[in-house]
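In: fold the following.
(2 chains)
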Amino acid sequence: MLRQIEGSRAVAESVALCRPEVICAYPITPQTHIVEGLGEMVKSGQLKGCDFINVESEFAALSVAIGSSAAGARSYTATASQGLLYMAEAVYNASGLGLPIVMTIGNRAIGAPINIWNDHSDSMSMRDAGWLQLHAETNQEAADLHIQAFKLAEELSLPVMVCMDGFILTHAYERVDVPTQQQVDAFLPPFAPRQVLDPAAPLSIGAMVGPEAFMEVRYLDHQKQSQALELIPELSREFRDAFGRDSGGLLRGYRATDADTLVVAMGSVNGTIQETVDQLRAEGMKIGSVSLCSYRPFPAEALRRALGCASEIVVVEKCVAVGMGGILSMEIRNALSGLPLTVSTVVAGLGGRAITQKALRAVFQRAQFGQLQPLTFLGLNENVVSRELERQRDRRHSGPPAENILRDLRSPVCP
Amino acid sequence: MFQIRIHGRGGQGVVSAAEMLSVAAFLEGKYAQAFPSFGSERTGAPVMSFCRIDYKPIRLREPVLQPDALIIQDPTLLHLPGLFDGLDPDGFVLVNSSHQPAGYAAMACPREHRLFIGATELALKHVGRPLPNAVLLGAFSALTGRLHIESILEAIHEKFPGKIGDANDAAAQAAWQVVRETRMEAHATAN
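Out: Purely as a prediction, here's the structure:
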């Protein structure tokens, strides 16, 4: 049914339709509305056969999910930012044990300085933790990806993170088609675990593995993620046949086939990028974009096919590896190695900085003429940066940079 | 596309206002997107929310920088720098204030697109609490003609079921009527 609802509500409804049996949650902005919604549904009886377990921390949330998933229950949790960092050890355990947990990430920056707003630093920090990571472009896709994620996770026996931009999606009201229970039941069969802790047939999960077998376990993990490169597009097609719309897949091109300049990004910023592409196309520029949905597994071959014919690639990413640069762009450069094209990194939207069409337009135009620097920080306030650098040069006790910059921004001298 | 920016203070229902506008538009079969500004969430602090309405899916996710309408829930915000930034020259300004404060005649928009309404007073009368939302939504419908009052009322009931919804419904209708009548009088005088 078509509804005008908050993104978090859409995800809560969608998760509920997947008939989870255990939901463990610890609140953290901007993900809180999702688990609050699910909590209400369990309490009201709308979501039957599900235990909602309040826990004392994010570490506990994922640990309980590990336990319940190992006992054969379809398990779900959600978190963001410092919450994901706090559960880091359990994140690796869930994938290492091959437990098909689904977790929503309401993408948010990581402190310090503390910041509750959107970027991708949190899920990026867990990019090598063995989970699949799917990024939603809209709230419709966020809702749909959860239905696909349970199926994907359970077919592979691997956990999946569904990443949605905090606030920009979680707190946005837009039109979402919430499917019926019947539709979801037809798409997603009951959970048939590959391994299960059962007192009637005792076994152990989580053995100590020495040098003689550890490498083989990791190799198989890598193989399983590679299988997902085939399974993800398959599930997306199956989803389209069942629900009548495109959601998920490895990546999606927009006016990309004949483009000289191609922009790559993950998540909700793709909407603003597509608007900008339309504008520049109308002015005669041969530009297109690619929305990357599957970040893990990383679809190197699909990217090579989608980007290989362009000459300028601009990667817009909401994360920076301090001391290195763009993470996504590094991986894309690697996927495109040997091809005669330039890959530039545009770090944008850190800590919730608005990404505007105007700013994107300017960098895309620079890219077209080969004038874009290898690494650009979109909308960087160079005045405050140079003032702080000056201060650090002038005196040893220059003080905390974040506080200095905030003070400068409030002062009339430094716009 | 029609873009609305709402300015208010934390606790006045700035986010709910944008939400309800988007629901009203959805009920009319339009596409709509509502989202909060990602600023401070403290009670009393200046906050913003945004709503976009269109006949096709909305992909743009930047904050509303060139509004077609501004709703200002608190007249003390009129001093805020940048309040009118980007306002369309033919745009609308709706302010919760029983009179036009001195010095604000210079807004860029046409005179008949400006409206000052004592929304807090009307809210106290109908809702019993100083929450100007419903009044401003009713007035918005009458001022801009962009959304039908019926869809605004339905959105109000969806957000606030029961008695609270009824009270807000009455407040919105009262505002809609007041604005319609004053507009018609002004129109008659002008002719």
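In: nearest the geometric middle of chain B, what residue?
Out: Using Cα atoms, centre = their mean, the residue of chain B that lies closest to the mean C-alpha position is residue B:71, 4.2 Å off.
In: is it true that that residue touches residue B:3?
Out: No: proximity of residue B:71 to residue B:3 does not meet the contact threshold set by Cβ atoms under 8 Å, at 11.7 Å. C-beta: built from backbone N, CA, C; applies to glycine.
In: re earlier: so what's the residue nearest to the centre of chain B up against?
Out: By Cβ atoms under 8 Å, 6 or more residues apart in numbering or on different chains, the contact list for residue B:71 reads B:4-7, B:17, B:94, B:136, B:140.
In: contacting residues for residue 100?
Out: As the question left the chain open, I've gone with chain A. Applying Cβ under 8 Å, 6+ apart to residue A:100 gives the contacts A:69, A:150, A:153-154, A:156-160, A:191, A:193.
In: meant chain B, my bad for not saying
Out: Counting by Cβ under 8 Å, 6+ apart, residue B:100 makes contact with B:114, B:116.
In: chain A versus the residue nearest to the centre of chain B, what's the distance?
Out: Between residue B:71 and chain A the distance is 16 Å, computed by Cβ to the nearest Cβ, to the nearest Å.
In: work out for me the element that residue sits within.
Out: Assigned by DSSP states H and E, residue B:71 falls within strand B:69-72.
In: with adjacent residues omitted, what lies nearest to residue A:179?
Out: residue A:243 (6.0 Å; Cβ to Cβ, 6 or more residues apart in numbering or on different chains).
In: let me fix that, I meant to ask about residue B:142.
Out: Closest residue to residue B:142 apart from its sequence neighbours, by Cβ to Cβ, 6+ apart: residue B:179 at 3.7 Å.
In: thinking that neighbour is in contact with residue B:144, fair?
Out: No: counting by Cβ under 8 Å, residue B:144 is not a contact partner of residue B:179; they are 10.2 Å apart.
In: who has more neighbours out of the two?
Out: Counting neighbours by other Cβ atoms under 10 Å in any protein chain shown for residue B:179 and for residue B:144 shows that residue B:179 has the greater number, 20 against 17.
In: surely the more buried one is in a helix?
Out: Yes: residue assignment for residue B:179, taken from DSSP: H, G, I helix; E, B strand; the rest coil, places it within a helix.
In: from residue B:20, how far out is it?
Out: Separation of residue B:179 from residue B:20 (Cβ to Cβ, to the nearest Å) stands at 17 Å.
In: quick one, what contacts the residue nearest to the spatial centre of chain A?
Out: Taking Cα atoms, centre = their mean as the criterion, residue A:163 is the residue nearest the geometric centre of chain A, at 3.0 Å. If a contact means Cβ under 8 Å, 6+ apart, then residue A:163 has A:104-105, A:107, A:120, A:123, A:133-136, A:266-267, A:295 as its contacts.
In: the closest residue to residue A:330 other than its chain neighbours: neighbour count?
Out: Using Cβ to Cβ, 6+ apart and skipping the chain neighbours, the partner closest in space to residue A:330 is residue A:324 (7.2 Å). Using other Cβ under 10 Å, residue A:324 has 9 other residues around it.
In: for residue A:411, same thing?
Out: The number of residues packed near residue A:411 is 11, by other Cβ under 10 Å.
In: how about it, phi and psi?
Out: Taking degrees, to the nearest 10, you get phi -80, psi 150 for the backbone angles of residue A:411.
In: would you mind measuring from it to residue A:402?
Out: Distance of residue A:411 to residue A:402, given as Cβ to Cβ: 15 Å.
In: quick one: contacts for residue A:281?
Out: With contacts taken as Cβ under 8 Å, 6+ apart, residue A:281 has the following neighbours: A:255, A:287.
In: buried stuff in the helix or strand it falls within?
Out: Taking DSSP H and E as the definition, one finds residue A:281 inside helix A:269-282. Buried positions in helix A:269-282, judged by neighbour count with 16 or more other Cβ atoms under 10 Å in any protein chain shown: A:269-277, A:280.
In: could you give me the average pLDDT of it?
Out: Averaging pLDDT along helix A:269-282 yields 98.
In: helix or strand next in line after it, which one?
Out: On the C-terminal side of helix A:269-282, the nearest following helix or strand under DSSP H and E is strand A:287-292.
In: next, count neighbours for residue A:287.
Out: Other residues close to residue A:287 by other Cβ under 10 Å number 28.
In: contacts for stretch B:174-186, please.
Out: Taking Cβ under 8 Å, 6+ apart as the criterion, the residues outside stretch B:174-186 that touch it are B:112, B:115, B:117, B:119, B:122, B:125-126, B:134-139, B:141-143, B:149, B:152.
In: isn't residue B:131 right up against residue B:123?
Out: Yes: using Cβ under 8 Å, residue B:131 is in contact with residue B:123, at 5.4 Å.
In: can you pull out the low-pLDDT segments for chain B?
Out: Counting by pLDDT under 70, chain B shows low-confidence ranges at B:38-41, B:102-106, B:190-191.
In: up against chain A, what does chain B have?
Out: By the rule Cβ under 8 Å from any Cβ of the partner chain, the part of chain B lying against chain A is B:15, B:18-19, B:22-23, B:25-27, B:31-36, B:38, B:57-63, B:65.
In: which is the next helix or strand following the lengthiest helix in chain A?
Out: Longest helix in chain A by number of residues (criterion: DSSP state H): helix A:214-243. Elements were assigned by DSSP H and E; along the chain past helix A:214-243, the next helix or strand is strand A:251-254.
In: and that next one with chain B, contact?
Out: No: remark: strand A:251-254 sits outside contact range of chain B, by Cβ under 8 Å from any Cβ, the gap being at least 9.8 Å.
In: so what does that strand touch, helix or strand wise?
Out: helix A:269-282, strand A:287-292, helix A:300-307 (3 or more Cβ pairs under 8 Å, 6 or more residues apart in numbering or on different chains; DSSP states H and E).
In: so where do the strands sit in the stretch 1-150 of chain A?
Out: A:2-6, A:22-25, A:51-54, A:75-79, A:102-107, A:132-135 (DSSP state E, counting those that start in this stretch).
In: cool, chain B as well?
Out: Counting by DSSP state E, one finds strands in chain B at the ranges B:2-9, B:31-36, B:46-54, B:69-72, B:92-96, B:114-117.
In: how about the residues of chain A near chain B?
Out: In this structure, chain A approaches chain B at residues A:3-4, A:6, A:117-118, A:167-168, A:171-175, A:268-272, A:274-275, A:352, A:354-357, judged by Cβ under 8 Å from any Cβ.
In: could you rerun that using 7 Å?
Out: Where chain A comes near chain B, counting by Cβ under 7 Å from any Cβ of the partner chain, the residues are A:4, A:117, A:167-168, A:171-175, A:268-269, A:271-272, A:274-275, A:352, A:354-357.
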